[in-house]
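Undergrad: Give me a 3D structure for the following:
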Amino acid sequence: MSTKTVVAIGIGAALYAALSFIEIPVGPNTGFRLAIAVISIFGAFFGPTAGFLVGFLGHALHDAFFYGSVWWSWVFMSAMLGFFGGFVQLDKKFDPLGGVCNKLNMLSMYIWSAVGMVAGSILAYFGDVYLYGEPAEKLFIQITLANICNLVVIFVIGIPAVALIAKSRSKSKGLVKEEE
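TA: Here you go, the predicted structure:
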């Protein structure tokens, strides 16, 4: 892992932890968190390992500071979102830091993020029910609301942010050299 990626993981985890305090509640311990966009952005730029660690470390830090204890099952939900969201890097034509991000890449980011949420939801559900003894009905509601909120945040903030950054780093920028 490069130094650049390690630094990005630290910055991403800190941003996720800090931005998680900004939340619009929609259900029991569930809401729209702008911080979710951070996971998808860092996963897209730096790959699955970085996405996993940004989600894992950022969520664990937030829980530790905000709740005084860490809900590991939900930490893994965020980590899975970042891990699978980073799979967009498997497309060799995708290079947002080099200015390359097309509509197919954006669709891929959304699909991989959704797959990560499914994997994370399974972990969160079984972790909360079997490790923490939470009622299954409550968890179903929480996970459903969390996934809806996360998909909206990724669609409205995460993916457009990656596309805008890629566009700003585009080499051509639409300029054409005039002949003399």
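
Undergrad: what about residue 24, how many neighbours?
TA: 9 (other CB atoms under 10 Å). Any C-beta I mention is one placed from the backbone N, CA and C, and that applies to glycine too.

Undergrad: which residues does it contact?
TA: With contact set as CB atoms under 8 Å, 6 or more residues apart in numbering, residue 24 has these partners: 31, 32.

Undergrad: And what about it, helix, strand or coil?
TA: Secondary structure of residue 24, reduced to three states by DSSP: H, G, I helix; E, B strand; the rest coil: strand.

Undergrad: Show me the helices in this structure, by range?
TA: 3-19, 35-46, 48-66, 72-85, 103-130, 136-153, 159-168 (DSSP state H).

Undergrad: quick one: which of those helices is nearest residue 91?
TA: helix 103-130 (6.2 Å; CB to CB).

Undergrad: name the helices or strands packed onto the closest one?
TA: Judged by 3 or more CB pairs under 8 Å, 6 or more residues apart in numbering; DSSP states H and E, the packing partners of helix 103-130 are helix 35-46, helix 72-85, helix 136-153, helix 159-168.

Undergrad: average model confidence for it?
TA: Averaged over helix 103-130, pLDDT sits at 93.

Undergrad: Only the buried residues of that helix, if you could.
TA: The neighbour-count check on helix 103-130 (16 or more other CB atoms under 10 Å) flags 105-106, 108-110, 112-117, 119-121, 123-125, 127-129 as buried.

Undergrad: Equivalent analysis for stretch 87-102, please.
TA: In terms of neighbour count (16+ other CB under 10 Å), stretch 87-102 has its buried residues at 87, 88, 89, 94, 96, 100, 101.

Undergrad: First-to-last residue distance for it?
TA: Stretch 87-102 has an end-to-end distance of 15 Å (CA to CA, to the nearest Å).

Undergrad: wait, what's in contact with residue 66?
TA: 20, 21.

Undergrad: Return the distance of the residue nearest to residue 165 when sequence neighbours are not counted relative to residue 40.
TA: Of all residues not flanking residue 165 in the chain, residue 96 sits nearest, at 5.9 Å (CB to CB, 6 or more residues apart in numbering). Remark: distance between residue 96 and residue 40 (CB to CB, to the nearest Å) = 12 Å.

Undergrad: where do the contact lists of the two overlap?
TA: With CB under 8 Å, 6+ apart as the test, residue 96 and residue 40 both reach residue 162.
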